[in-house]
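>>> Need a 3D model of the sequence below.
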Amino acid sequence: MVIITQGGQDVIRSCAGANMITPGGGADTLYLEYGHTTLRYESFADSTLSTTYGISFFTHGRDKIDLTGLGLSLAPQDVLEAAQAAVTAQTSLSAALNVFAQLTARHGAGHFPYGAYIYAFGNNGAAAFRSTEDLVIRLGWNAGLTGDDFVF
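Below is the predicted model of the structure:
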């Protein structure tokens, strides 16, 4: 099944088989309970801090986050580990995202736990985090997200 959202605050559920979901902005909620789902982000504006996509039931090794159209690359493992450690001392998600952006550098992507969620992040080219321009995706805590879950 192919789903292309057009914005708004939709609730979308995956179905059995292969699913391709292309977010189109808005703060949608996705439930990936069934099938194998690829979330294909085509714009940084598809999920920002102010319009964050919430994803539940993302399964490591089954589902994918496709960022090929954004010109990003996964930050090296040692950088990810340093960034993940640094965000734990932050008192707000915005501050955590700013630290992560600075450490992963321009056009860097990665993931980190914060609070009750795991966040996937993509820097659109500036050294500092920009809440309306950088990609921010919120996943349920049990996602088990690793670099293998991304497509670049």
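
>>> What does Phe58 show for phi and psi?
Note on Phe58: backbone dihedrals following degrees, to the nearest 10 are phi -60, psi 130.

>>> Repeat that for Ile21.
phi -120, psi 120.

>>> Please spell out the segments of the chain that come in under the pLDDT threshold.
Where the chain drops to pLDDT under 70, the residues are 1, 4-7, 142-143.

>>> Tell me where it has helices.
Taking DSSP state H, the helices of the chain run over residues 77-87, 93-104.

>>> what angle sits between the last one and helix 77-87?
Same thing as helix 93-104. Angle between the axes of helix 93-104 and helix 77-87 is 150 degrees (criterion: axes from the mean of the first three to the mean of the last three C-alpha atoms, to 10 degrees).

>>> Helix 93-104 packs against which elements?
Counting contacts by 3 or more C-beta pairs under 8 Å, 6 or more residues apart in numbering; DSSP states H and E, helix 93-104 is packed against helix 77-87, strand 108-114, strand 117-122. Just so you know, the C-beta spots here come from the backbone N, C-alpha and C atoms, and that holds for glycine as well.

>>> could these go into TSV alongside distance to Cys15?
Converted to TSV, those look like this (distance: least, C-beta to C-beta, whole Å):
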stretch	distance to Cys15
helix 77-87	33
strand 108-114	26
strand 117-122	23
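
>>> Quick one: closest of those to Phe152.
When these are compared by C-beta to C-beta, strand 108-114 sits nearest Phe152, at 7.4 Å.

>>> so how far is that closest one from its chain's centroid?
The chain centre lies 8 Å from the centre of strand 108-114; the measure is C-alpha atoms, centre = their mean, to the nearest Å.

>>> Touching it from outside, list them.
Contact partners of strand 108-114, identified using C-beta atoms under 8 Å, 6 or more residues apart in numbering, comprise 67, 72-75, 79-80, 83-84, 87, 90, 93, 96, 100-101, 104, 118-123, 135, 141, 145-147, 150, 152.
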